[in-house]
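Enquirer: Just to be clear, the model below is a prediction. Sequence and coordinates:
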Amino acid sequence: MRPACDRCGSREAIHTIHRTNENLCGECLVQDVRRRVFSLLDRLVEDGDRVAVALSGGKDSSLALYLLAEYQRAERRKFDLMAITVDEGTAYRRSGIEAARELTRRLGVEHVVVGMRDIHGIDVAEIRAILPRRWRRSACTYCGVLRRWAINRVAREEGATKVATGHNLDDVLQTHLMNLARGDVPAMVRSGQGVRSPSPLMVPRIRPLAGVREREVAAAALYLGLPAHFGKCPLTTGMRVGVRRSIDELELAIPGIKEDLLSGLWDLIGEVRTSGAIGVELRSCRLCGEPTTGEICKTCQMKLELQELAHRPLLFPR
């Protein structure tokens with residue numbers, strides 16, 4: 001038999017908050033998550049915004065959309081809300097798209113679905129098929145870059161002022177530590193919470209779930225009965241897997257270290273940003289017109305690689 005909720009005392013606990021060792025029922029867990037997310041949204045969303053949620057149909061982006069819709073109904077800010085889904089062309093994505101369509105229908109949220117192949121001329125299924133063994137990049141790497149480009153382009157065309165992603169606390173911490181390990185401080189600064197876009201062509205990104213752990217997201221989404229895909233993408237490989245495992249092991253030894261690490265990294269990012277030490281001069285990509293630090297953006301560089309491997313031209317929309 002499960003213990004009673006430590007907060008209300010009247011319902012059975014379904015989840016343990018590791019950093020405080022509290023056992024919470026579904027209702028109290030959702031209230032706790034909602035409080036943290038709303039507090040963050042108070043700083044990230046402004047009156048008059050049009051927020052586009054990058055909705056994969058997974059648990060994280062689905063909960064982000066659900067809570068943004070609740071936040072909108074609470075009228076703490078007056079803003080428009082929509083969702084964008086990129087179909088990467090994999091079997092894994094199909095169930096996610098179905099879940100995304102069902103959730104946006106339930107919430108009455110405008111939903112735009114775009115195909116990666118329609119935008120770039122190639123999808124992840126083909127990328128996996130053409131990559132040589134032991135290639136320098138994984139299909140996961142190509143997918144992430146091409147998907148982010150598509151979301152930014154569609155969000156801009158739809159008049160969005162901010163893109164909300166479903167990255168949870170674990171995701172954000174892993175990304176910062178990976179950038180730190182690579183010595184990529186500019187990437188750390190760009191991915192900080194509440195960053196102003198360095199170009200009018202780049203829609204600013206916000207992460208409503210940045211203060212919520214992955215297990216909390218999963219438990220809350222399950223309790224709420226959200227139509228969502230709960231599996232892990234089978235393409236996820238490389239450094240992130242190792243970083244995730246290491247952080248989880250450290251958390252077992254030092255409960256609460258995840259929050260402490262992320263808070264420290266955000267303080268560091270804030271100091272670097274305030275100092276102006278990381279200045280980025282942007283120009284337009286020669287092929288697609290999107291902002292970049294070089295002559296050709298990272299997305300188009302990757303597409304040129306894929307074009308050679310596919311032995312046919314891809315799409316470079318301007």
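Expert: Yes, it's here. Numbering: from 1, shown residues only.
Enquirer: Show me where the stretch 101-250 of the chain has its helices.
Expert: 116-120, 124-130, 139-157, 169-182, 185-190, 214-224, 239-253 (DSSP state H, counting those that start in this stretch).
Enquirer: Against which helices or strands is the helix-or-strand element of the chain with minimal mean pLDDT packed?
Expert: Least confident helix or strand of the chain, by mean pLDDT, DSSP states H and E, is helix 185-190 with a mean of 79. Counting contacts by 3 or more C-beta pairs under 8 Å, 6 or more residues apart in numbering; DSSP states H and E, helix 185-190 packs against helix 169-182, helix 257-275. Every C-beta, even on glycine, is put in place using the N, C-alpha and C of the backbone.
Enquirer: wait, which of those is closest to L306?
Expert: Closest approach to L306 among the helices and strands packed on helix 185-190 is made by helix 169-182 (22.8 Å; C-beta to C-beta).
Enquirer: of all the helices of the stretch 101-250 of the chain, which lies closest to P317?
Expert: P317 lies closest, by C-beta to C-beta, to one member of the helices of the stretch 101-250 of the chain: helix 116-120, at 6.6 Å.
Enquirer: Only alpha carbons, please: show that closest one as CSV.
Expert: Only the C-alpha atoms of helix 116-120 are listed here, as CSV (Å, rounded to 0.1, in the frame of the first residue of the first chain):
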residue,chain,number,x,y,z
MET,A,116,10.5,18.0,-42.6
ARG,A,117,10.6,16.7,-46.2
ASP,A,118,8.3,19.4,-47.4
ILE,A,119,10.6,22.1,-46.0
HIS,A,120,14.1,20.6,-46.4
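Enquirer: Pick the most deeply packed of the helices and strands packed on helix 185-190.
Expert: Comparing the helices and strands packed on helix 185-190 by mean neighbour count (mean count of other C-beta atoms under 10 Å), helix 169-182 comes out on top with a mean of 19.
Enquirer: residues in contact with it?
Expert: Applying C-beta atoms under 8 Å, 6 or more residues apart in numbering, the contact partners of helix 169-182 are 60, 167, 185, 187-188, 191, 193, 207, 209-214, 239-240, 243-244, 247, 258-259, 261-262, 265, 269.
Enquirer: Quick one: distance of that helix to the chain centre.
Expert: 13 Å (C-alpha atoms, centre = their mean, to the nearest Å).
Enquirer: circling back to that earlier point, lowest average pLDDT across the helices and strands packed on helix 185-190?
Expert: Comparing mean pLDDT across the helices and strands packed on helix 185-190, the weakest is helix 257-275, with a mean of 89.
Enquirer: got the contact list for the very next helix or strand once past it?
Expert: Per DSSP states H and E, the first helix or strand lying C-terminal to helix 257-275 is strand 283-284. Contacts to strand 283-284, defined as C-beta under 8 Å, 6+ apart, come from residues 290-295.
Enquirer: same deal with stretch 205-218?
Expert: With C-beta under 8 Å, 6+ apart as the test, stretch 205-218 has contacts from 15, 17-18, 29, 33, 36-37, 39-41, 44-45, 51, 59-60, 63-64, 67-68, 162-172, 193-195, 220, 230, 258-259, 262.
Enquirer: which among those end up buried?
Expert: Among the contacts of stretch 205-218, those classed as buried by 16 or more other C-beta atoms under 10 Å are 15, 17, 29, 33, 36-37, 40-41, 44-45, 51, 59-60, 63-64, 67-68, 162-172, 193, 220, 258, 262.
Enquirer: Which of these fall in strands?
Expert: Members of the buried ones among the contacts of stretch 205-218 lying in strands (criterion: DSSP state E): 15, 17, 51, 162-164.
Enquirer: Among those residues, which one sits closest to G96?
Expert: The closest of these, once distances to G96 are taken by C-beta to C-beta, is A164, at 16.8 Å.
Enquirer: Find the residue closest to the closest one in space, skipping its chain neighbours.
Expert: Sequence neighbours aside, V53 is the residue nearest to A164 in space, at 4.7 Å (criterion: C-beta to C-beta, 6 or more residues apart in numbering).
Enquirer: Beta-bridge partners for the one you found, please?
Expert: For V53, the beta-bridge partners are A83, A164 (DSSP bridges).
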